[in-house]
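Enquirer: Generate a structure from the sequence data that follows.
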Amino acid sequence: MQNQMIEKITKEYYSHFCGIDLTEIKYGTYFICSAERDEKLKGFGCKYTIHIFVNDALCVVTYSPKHKAFMEQLKECGKDEMIHAVSQQFELKKMILMMFEKEAVTCYGNARILKAEDYPLYEAFFRAISPNANPDGWLYEYFIEKTDKEYFTGYISDHKLRSVCDAPDMPYMEDKIQHTGINTLKEERRKGYAADTAALAAHHLLEKGVCPQWECHAENIASIELAKSIGYKEYGTAYILEEWD
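Expert: This is a model prediction of the structure:
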């Protein structure tokens, strides 16, 4: 997949959150009231009732009709003043959005694409990183669905999974773009396993004609640096109000 297509797909994906075609605009501030912000996002389990996208000189403010009166009184504010005002009113999640630029890692160590028969290894890994979660009744089906698409990548040594890139459901453009979440056993961090695993995940997605996607909390510096080390670059920042039923 060529860089031009990766950029196009990434911008199209975030256009769904913004309610405007990001491939057509480069600067300015846009306020968009959208009923779509009242819909629960597939794969996220919540609604993004306020979504503020910032990229250099571009700012797109998208919000649910229920927040219209509050948001539109901020139209005359500068970008930073507006974000501060919204942050004072609501608890916003700040996310760094990444775009894949180039393959910076081409040797993947013991990382490989996981298959259905790897489920026992994955279940043991899942229970180790999520001791309070109950995988009964859903984890196997989820694993099989994603491994059928070759979307799971893991680093295996001594018959044990050390790091895993999973593939959560995508709210938009499924099978065109895929987030690659990464988890590593606590005792196995800082050994390069996550970089090998995530790099292979991106490489294999590209081979399949799927655009890799990465985003993380702004305070997760380790995740940002990991993404950059395997070929992502920063694309923008999103300030998000999550609302749960």
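Enquirer: Model confidence score at His84, please.
Expert: Per-residue confidence (pLDDT) for His84: 97.
Enquirer: contact partners of the host helix or strand of it?
Expert: Using DSSP states H and E, His84 falls within helix 79-89. By C-beta atoms under 8 Å, 6 or more residues apart in numbering, the surrounding residues in contact with helix 79-89 are 29, 50, 52, 54, 59, 61, 70-71, 74, 77, 92, 239, 241. The C-beta positions use only the backbone N, C-alpha and C, and glycine is treated the same way.
Enquirer: Can you list which of those are found in helices?
Expert: Secondary structure from DSSP state H places Phe70, Met71 of these in helices.
Enquirer: In TSV, list the contacts of helix 79-89 along with distance to Lys8, pLDDT and neighbour count.
Expert: Formatted as TSV, the contacts of helix 79-89 follow (distance: C-beta to C-beta, whole Å; pLDDT from 0 to 100; neighbours: other C-beta atoms under 10 Å):
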residue	distance to Lys8	pLDDT	neighbour count
Thr29	23	96	16
Ile50	26	98	22
Ile52	23	98	25
Val54	20	98	18
Cys59	21	98	22
Val61	23	98	25
Phe70	34	98	14
Met71	29	98	22
Leu74	31	97	17
Cys77	32	95	14
Leu92	28	98	18
Tyr239	24	98	21
Leu241	28	98	22
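Enquirer: and of the contacts of helix 79-89, the nearest to Cys216?
Expert: Ranked by distance to Cys216 (C-beta to C-beta), those are led by Tyr239 at 14.3 Å.
Enquirer: out of everything not next to it in sequence, what's closest to that closest one?
Expert: Nearest non-adjacent residue to Tyr239, counting by C-beta to C-beta, 6 or more residues apart in numbering: Ile52, 4.1 Å away.
Enquirer: That neighbour reaches Leu58, doesn't it?
Expert: No: using C-beta atoms under 8 Å, Ile52 is not in contact with Leu58, being 11.2 Å away.
Enquirer: Skipping its backbone neighbours, what lies nearest Lys42 in space?
Expert: Nearest one to Lys42, counting by C-beta to C-beta, 6+ apart, is Pro171 at 4.6 Å.
Enquirer: Apologies, that question was intended for Asp21.
Expert: In space, Asp21 is closest to Ser15, 5.2 Å off (C-beta to C-beta, 6+ apart).
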